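Student: got a structure for you, letters missing:
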């Protein structure tokens, strides 16, 4: 293991040096950083040109200048060597100072979209593989390819027009949901659910009627309760959601017949539900750090309860306890955010139109952790959905093809021949090997996403890594380009290394020994 890690580090350093040298030389010869000054009519033009040449070392040949840059960049990668120095921009701003802000904006933008795309994409891919050649499979295949082929700028424009402007107009108008909309959404729900669950004609009809009725009733309730202007789960809604989390998590991971796992899940659901009432006063004065500490504490309770009460399968029980605790706590926190929604919408800075179309925050808007959190949510909602729809399609197709391949393997037939249930075969045997190509896809996607969704950031005016790279290339500003490259290269190398370790954890045939 140690030998493998050392070899990978050595190879990664060589790859990083070679790639950064090529990138530096090509970028240095791609444009003239003095172009704006050469066309200037300023009386002190010559002094400005001399100052920029001195600050950027433009009088040194690019291959030699690379080693000067490398000396400062090495201090960023090696701890305790010295202060990180990535040079300055043509505006004389330190790159090491502007790079973290761009990274923070991009990470904030892509993290939620990345995680949701993986969870939804893999889940839908599994369902389509298990329902191969069904109407749901064909429908999701059509949707996946359609989304994958859509250009990101078109998705962004459509979201602005129909989601942001349409929803904001709905809130301002104070009108009810049109009956036609309720009927259409209920019919779509009926079609999707009956196709996903399947069965004979009688079962499909029953599922369609139940799903359509439940969807229509929920929308009517939202309309009568003015839920979109005063949202919230409330004690009853939260109880039902936590109960559903308990049942669904246990059914998928262990089966409801596993009494110990079910008891662990119920205990953690009850703890989270009690926390909903006990923590309301603390939530009013909480910070982001407090919320994180509370979440970690509840997850720790879930793990400990699983280890204590799980019996022979305590590892599985601990995972179930942690998942139930995390999801239930997220629901409690989400309800508290929704309680602050009316105050945010009615703020003078918002003016009753909360869904933003540009920027990452409202200028001049201040508030507690709940109000600022909602502000970030409303600004990042549209770009997150745009990235999510594109990434979702790829993960769905990979998950479907991966599971179909695994389900035809000999060890799956052997597991079925031993009498194992279908849930156990899929969740404990097939899913683990199906995740191997997904791990590869995730490792390659992380670097690309951290590099910034250039088009999405441009459409929604978010100053992230993509914007930094594009603006620097246009101005032939070399140091920010290299700072961008350094972040992406290190991230790609790191996550490919983690993917190799994940292969060993998922597939016992893979070893990372020296």
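Tutor: Structure's in. What do you need? None of these values were measured; they are calculated from a predicted model.

Student: which element is the closest residue to residue 131 other than its chain neighbours on?
Tutor: Spatial nearest neighbour of residue 131, chain neighbours left out: residue 137 (5.3 Å); criterion: CB to CB, 6 or more residues apart in numbering. Quick note: C-beta positions are derived from backbone N, CA and C, even for glycine. Residue 137 belongs to helix 135-149 when assigned by DSSP states H and E.

Student: ok, and for that helix, which residues are buried?
Tutor: The neighbour-count check on helix 135-149 (16 or more other CB atoms under 10 Å) flags 136-137, 140, 144, 147 as buried.

Student: what is the neighbour count of residue 98?
Tutor: 18 (other CB atoms under 10 Å).

Student: how about residue 231?
Tutor: Residue 231: 17 neighbours (other CB under 10 Å).

Student: surely residue 125 and residue 397 touch.
Tutor: Yes. Contact criterion CB atoms under 8 Å: residue 125 and residue 397 qualify, at 7.0 Å.

Student: so for the two, which residue has more residues nearby?
Tutor: The neighbour comparison of residue 125 against residue 397 (other CB under 10 Å) goes to residue 125, with 26 against 19.

Student: so who does residue 271 touch?
Tutor: Taking CB atoms under 8 Å, 6 or more residues apart in numbering, we find residue 271 in contact with 298, 301, 325, 328.

Student: next SSE after the helix or strand hosting it?
Tutor: Using DSSP H and E, residue 271 maps to helix 259-278. Heading C-terminal from helix 259-278, the first helix or strand you meet, by DSSP H and E, is helix 280-284.

Student: flag every buried residue along that next one.
Tutor: residue 283.

Student: what do you get for stretch 44-53?
Tutor: Across stretch 44-53, burial judged by 16+ other CB under 10 Å covers 49, 52.

Student: how far off centre is that stretch?
Tutor: How far stretch 44-53 lies from its chain's middle: 45 Å, per CA atoms, centre = their mean, to the nearest Å.

Student: over to stretch 230-239?
Tutor: The answer for stretch 230-239 is 25 Å, by CA atoms, centre = their mean.

Student: quick one: residues contacting residue 215.
Tutor: Counting by CB under 8 Å, 6+ apart, residue 215 touches 185-186, 189-190.

Student: can you pull out the low-pLDDT segments for this protein?
Tutor: Applying pLDDT under 70 to the chain flags residues 1, 78-82, 174, 451-452, 508-514.

Student: swap in 50 and give it another go.
Tutor: 514 (pLDDT under 50).

Student: what about the closest residue to residue 32 other than its chain neighbours, how many residues nearby?
Tutor: In space, and not counting its chain neighbours, residue 32 is closest to residue 476: 5.8 Å by CB to CB, 6+ apart. Residue 476 has 18 neighbours, counted by other CB under 10 Å.

Student: cool, residue 405 as well?
Tutor: Residue 405: 14 surrounding residues under other CB under 10 Å.

Student: who are the packing partners of the helix holding residue 137?
Tutor: Secondary-structure packing of helix 135-149 (3 or more CB pairs under 8 Å, 6 or more residues apart in numbering; DSSP states H and E): helix 95-130, helix 179-197, helix 369-407.

Student: the inter-axis angle of it versus helix 95-130?
Tutor: 150 degrees (axes from the mean of the first three to the mean of the last three CA atoms, to 10 degrees).

Student: other residues contacting helix 135-149?
Tutor: Contacts to helix 135-149, defined as CB under 8 Å, 6+ apart, come from residues 124, 127-129, 131, 192, 195-196, 198, 389-390, 392-394, 396-397, 400.

Student: and it, how far out from the chain's middle?
Tutor: How far helix 135-149 lies from its chain's middle: 21 Å, per CA atoms, centre = their mean.

Student: likewise stretch 26-33?
Tutor: Going by CA atoms, centre = their mean, the spacing between the C-alpha centre of stretch 26-33 and its chain's C-alpha centre is 34 Å.

Student: with respect to residue 493, which of the contacts of residue 215 is nearest?
Tutor: In terms of CB to CB, no member of the contacts of residue 215 lies closer to residue 493 than residue 189, at 44.7 Å.

Student: correct me, but the closest one touches residue 212?
Tutor: Yes. Under the criterion of CB under 8 Å, residue 189 makes contact with residue 212 at 6.0 Å.

Student: I appreciate the help and will end here.
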